[in-house]
Each structure stands twice: as structure tokens, then as C-alpha cells.
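Asks: From the sequence below, what's the structure:
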Amino acid sequence: MDGRIKRLMRMLPEDVDAALINGYGIRRYYTGRAIPDALLLVSGKSAWMLASPTYRKEAVGIPDVRYVESWDPWVGLSDLLEAEGIRRLAVQADQLTVAEWGRLKKETVCEVVDDGRLDELLYRLNCVKSQEEVEAVARAQDIADRMFLEVLNYVHAGMSDWEVQRIVGVLLRDFGSQWDNYDHVMGVGVNTSMPHVRPNGTIIQPGDFVMLDVGGMVDGYGSDMTRMFAVGYADERKREIYEIVRRAQQAGCEAIEVGKTCCEVDRAARDVIEKAGYGRYYMHGLGHSIGIPVPRGPRFNQTDTTEIFAGLIMTVEPGIYLPGEFGVRIEDMLYISEEGVQNLTHSPRELIVIET
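Replies: Next up, the predicted model:
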């Protein structure tokens, strides 16, 4: 995995003896292995993967990482910390359950350091994507793009949003997504006025909008896009709102460049919506970084003054949500390099109306 463990070893804070990596996605990022219920311990000189014998085959042979067999990795962690003389252990606070916090405090002799520095370190190391990572995200998005064009052949008035969600999940899997996701954000009709809507059995009516906020998964890397389409027909109000959001989304994409602040990019898209008179109905930031789960990352919003740097993958997803009527959001993923900005999303952004 292109020396990721070695880089983490070199950059650990000098006043901690080791770091505990227990988030599933982050462990996979550093080891290349999808091992559930495992723990990764990294010191300045060594790294250990603690996993049950059930996963011996997957855990053995990871570059720069020693396998420690333990039916209960948390018991194995306590023994390993004592054997290696580790007294100050850095953790990610949000990756620990209450029970895991209790076990760390009760069963280990370590001082647990949860001051956010490990979060910041992981963020800095993981935000800049290697070419291998960019290619994985792009392949995941290709799967989502194929799904979107195919699902248009199945949706019709009279279907429930549950049925649409199941079809989307099957298509993502059949096209190669390595994550069976049947619980993605999607809604129909008036429910699209809620940004993070989930299906509730609503039946599609002629003239309804359908919102799909979905992604594929390849080698642990996910994609993220939102597309809208109308079933049967779209009235003039829906077409007007859709076009405003489409123009705002295009303005946001075109505003991205290395060195600009995140809030400047947000402003470019937000201006389009506000000038059209719908600013009060745009209730979130423009976009977020894509990668493994870390508590923070650059965000295109009104307050983030982070300067955009090369290597990021960011979403651009403005929206207008009219209570009691409908909502519109369009979302793409863009890779930012020194050479320019590459849109990894290829599904049409023009309004699609499917016959029913």
C-alpha cells in the first residue's frame, strides 16, 4: 500500500508511544485488508494487526505489519501494550464505543491521549490521494454511472420508493460494487424536499421527481453522486428549479482551483441560487472531501477558509428544497490536481424525463 504504514510511523507525535487505529475504513486504508473486529496498533518502529484466528489468512503477510492472534483483540491489545512498554496511546475518540473506552481504561496500563492530534495526522496523510486511490474512486463512480442509466429503464409511476431503492442496490452489486448498499439516500415526490430522505413506501405519481444519492465501492473506496429525474412529465416550476440548481452546480465546479478558499467556491454556487430568489431554501454547504472516514476534512461551505490543495477529491452538490413541494440536488465528484480539475462523474446533468 505504497508505504502508508511507514509514513504514519514517521509522523506520530513524539510524546506518544503508539496510535490505535480501530476504524474499519482507516484500517483497510493502511493495510489493504478488509478484516472486521480487528485492531491496528502503530508505534514509531513497529505495527501490529490484532485479529482472531478466523481471519489469520487475511491478517498474515501485510507489509510492515505483524499479525497478533487473539480471539478477543482488546485482550490481545492489553497484553501487547504491556509487553512493548507502551505507556501513552493516541486514539481517535469518535471511533471508540463507550464499552471500548471502558475496556481501555480498565484493562490497560496506558494513558489514553485523545486530544485530536491523531485525527489531524490521519486527515493530513489521507486527504491527498495517490493515483491508485483516484483510480479506485473513479472505478466506483463508473459503476454508479452505469447504474443510473440502467435504473431509468425500470422506474415508472405506481412503483414505491422501496422498490426503486432495492433495484438500485441490485444494479450496483451486479455492476461490480463491492458494498451491498440498499440503504442509500433516495426519495420521490414531496419527500425530495428533505435533503437526507429515506424511502418510506411512497408511491411514485406521474410528474414526480425521483432523487438518488448513491455511490459504488471499489477496494474500500466509495463514490458519491446525486441525480434527479422526472417520471412522466415535469411542470414548469420543476424545470425552473432544476435549471437554477444545474447552473449553480456548474458554477461551483468551474470555480474550483488550487489556492482558492473553500468558502469562495461555495459562494460561486450560492450566488446563483440567491440571485434567483431561493437562498433561504439552500440549507447546507456545497460539498465535502471524499476518502476514508476521518472526523474532518475540507468542506465547501460559507465558513471554511481552507485553501484548496492538489490531491483532493471533493463533491459539488447544491440544492433547493421547497417544503411541501419538492427538492432538487445535483452532485458530482471532482479530482483536483496541479494540472487542473477532473470531473469523475459522467451521468447526465440535464433534466431527464422518463416515459411512463
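
Asks: just the helices in the stretch 51-200 of the chain please.
Replies: Ranges of helices in the stretch 51-200 of the chain, per DSSP state H, counting those that start in this stretch, are 56-59, 73-83, 98-107, 117-127, 131-151, 161-174.

Asks: Any chance of the backbone angles for G215?
Replies: phi -170, psi 160 (degrees, to the nearest 10).

Asks: you'd agree it is up against Q141?
Replies: Yes. Contact criterion C-beta atoms under 8 Å: G215 and Q141 qualify, at 7.4 Å. C-betas here are computed from N, CA, C, even on glycine.

Asks: Give me the more crowded residue out of the two.
Replies: Neighbours per residue, other C-beta atoms under 10 Å: of G215 and Q141, the larger number sits with Q141, 27 against 24.

Asks: Tell me who's in contact with the spatially most central residue of the chain.
Replies: Nearest to the mean C-alpha position of the chain, counting by C-alpha atoms, centre = their mean, stands I290 at 5.0 Å. Taking C-beta atoms under 8 Å, 6 or more residues apart in numbering, we find I290 in contact with 137, 222-224, 313-315, 333.

Asks: circling back: so what sits against both of G215 and Q141?
Replies: Joint contacts of G215 and Q141 (C-beta under 8 Å, 6+ apart) are 223, 225.

Asks: how about M49, secondary structure?
Replies: Secondary structure, DSSP: H, G, I helix; E, B strand; the rest coil: M49 is strand.

Asks: got a pLDDT number for it?
Replies: We have a pLDDT of 95 for M49.

Asks: Then the one 4 residues further on?
Replies: In this model, P53 is scored at 94, pLDDT.

Asks: and if you look at I290?
Replies: As predicted, I290 sits at a pLDDT of 83.

Asks: From Q302, how far off is it?
Replies: Noted for I290: a distance of 20 Å to Q302, by C-beta to C-beta, to the nearest Å.

Asks: And I330, by the same measure?
Replies: 19 Å.

Asks: out of the two, which sits in the more crowded spot?
Replies: I330 (24 against 12).

Asks: Is that one in contact with I244, as I believe?
Replies: No. Look at I330 against I244 with C-beta under 8 Å: they stay out of range, at 10.5 Å.

Asks: who's in contact with stretch 232-249?
Replies: The list of residues contacting stretch 232-249 from outside it, by C-beta under 8 Å, 6+ apart, reads 157, 206-209, 228, 230, 269-270, 272-273, 276, 278, 316-320, 322, 325-326, 328-332, 349-351, 353-356.

Asks: In PDB, list the C-alpha atoms belonging to that stretch.
Replies: What follows is stretch 232-249, C-alpha atoms only, in PDB (Å, rounded to 0.1, in the frame of the first residue of the first chain):
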ATOM      1  CA  GLY A 232     -43.900  11.100 -17.000                       C
ATOM      2  CA  TYR A 233     -43.500  14.800 -17.200                       C
ATOM      3  CA  ALA A 234     -42.000  17.800 -15.400                       C
ATOM      4  CA  ASP A 235     -44.100  21.000 -15.000                       C
ATOM      5  CA  GLU A 236     -42.600  24.500 -15.500                       C
ATOM      6  CA  ARG A 237     -41.900  25.100 -11.800                       C
ATOM      7  CA  LYS A 238     -39.900  21.900 -11.500                       C
ATOM      8  CA  ARG A 239     -38.000  22.700 -14.700                       C
ATOM      9  CA  GLU A 240     -37.200  26.200 -13.400                       C
ATOM     10  CA  ILE A 241     -35.800  25.000 -10.100                       C
ATOM     11  CA  TYR A 242     -33.900  22.200 -11.700                       C
ATOM     12  CA  GLU A 243     -32.200  24.600 -14.100                       C
ATOM     13  CA  ILE A 244     -31.300  27.000 -11.300                       C
ATOM     14  CA  VAL A 245     -29.600  24.200  -9.400                       C
ATOM     15  CA  ARG A 246     -27.900  22.900 -12.500                       C
ATOM     16  CA  ARG A 247     -26.400  26.400 -13.200                       C
ATOM     17  CA  ALA A 248     -25.300  26.700  -9.500                       C
ATOM     18  CA  GLN A 249     -23.700  23.300  -9.700                       C
END
